[in-house]
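Trainee: quick one, what's the 3D model for this:
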Amino acid sequence: GSYEASPEQAFINASRLLKETGAAGVKVEGGKVLAPTLEFLTSRGIPVMAHVGLTPQAVNILGGYGVRGKSPEEAKSIVEDAMAMSDAGAFAMVIEGVLEPIAIEITQKVACPTIGIGASAQCDGQVLVAEDMLGLFDRVPKFVKKFGNMGVSVEDAVREYAARVRDRSFPGPDQLYQPV
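Mentor: Numbers count the residues shown, from 1 in each chain. I've put the predicted structure just below:
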């Protein structure tokens with residue numbers, strides 16, 4: 001609800017976010033319907049990254065986390081959303097969870113760089129959730145490649161920590177402050 005009510009409310013929230021956090025920009029999920037808001041923000045100096053396709057903030061409306069763009073109508077709508085957001089001034093665009101031809105078409109058509117997440121290697125860049133790619137969870141989306149299995153290491157470390165607390169060997173002399 002930080003940007004959906006009105007362009008003016010989006011500007012108030014985005015300005016506050018940038019001022020209080022030091023962020024370099026904001027991300028807006030959506031498409032054609034939010035393009036006027038994006039244009040309002042960018043014309044007032046707020047850098048905006050667009051996000052099209054599978055938009056996590058709208059998964060309940062979309063019916064879940066499934067791949068987007070399976071029907072010709074939905075594919076066309078996603079491309080139109082991307083074009084509208086690009087035309088409104090997005091400095092970059094996340095394309096998430098769409099059929100690969102859609103991501104390729106968007107990347108070829110929009111003026112800004114595209115960042116794929118479950119989209120296509122043909123996007124200008126890629127992003128994954130760090131916890132997923134590092135193997136901290138067993139269950140991850142299809143588009144995630146695990147580049148590590150840190151979950152096992154984390155589990156081992158937590159087990160060892162708990163055992164040392166239980167047997168009272170932690171904290172030990174190296175972790176305690178003693179009077180001089």
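
Trainee: where in this protein is pLDDT low?
Mentor: For the chain, applying pLDDT under 70 flags the ranges 56, 58-65.

Trainee: mind doing that once more with 50?
Mentor: Within the chain, no stretch has pLDDT under 50.

Trainee: which stretches in it count as strands?
Mentor: Remark: strands assigned in the chain by DSSP state E are 26-29, 48-53, 92-96, 114-117, 125-126.

Trainee: mind giving me the packing neighbours of the longest one?
Mentor: The elements that strand 48-53 packs onto, with contact taken as 3 or more C-beta pairs under 8 Å, 6 or more residues apart in numbering; DSSP states H and E, are strand 26-29, helix 35-42, helix 72-87, strand 92-96, helix 100-109. The way it works is simple: take the backbone N, C-alpha and C, and place the C-beta from them, glycine included.

Trainee: what does that strand rub up against?
Mentor: 14, 25-31, 38, 41-42, 68-69, 78, 81-82, 85-86, 88-98, 102-103, 106, 112, 119 (C-beta atoms under 8 Å, 6 or more residues apart in numbering).

Trainee: 6 Å instead?
Mentor: Identification of contacts with strand 48-53 by C-beta atoms under 6 Å, 6 or more residues apart in numbering yields 25-29, 31, 38, 41-42, 68, 78, 81-82, 85, 90, 92-98.

Trainee: care to break this structure down by domain?
Mentor: Domains of the chain are assigned by automatic domain parsing as 1-127, 129-170.

Trainee: deepest-packed of those, please.
Mentor: domain 1-127 (a mean of 18; mean count of other C-beta atoms under 10 Å).

Trainee: reformat the domains of the chain as a markdown table; add distance to residue 179.
Mentor: Converted to a markdown table, those look like this (distance: least, C-beta to C-beta, whole Å):
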| stretch | distance to residue 179 |
| --- | --- |
| domain 1-127 | 42 |
| domain 129-170 | 21 |
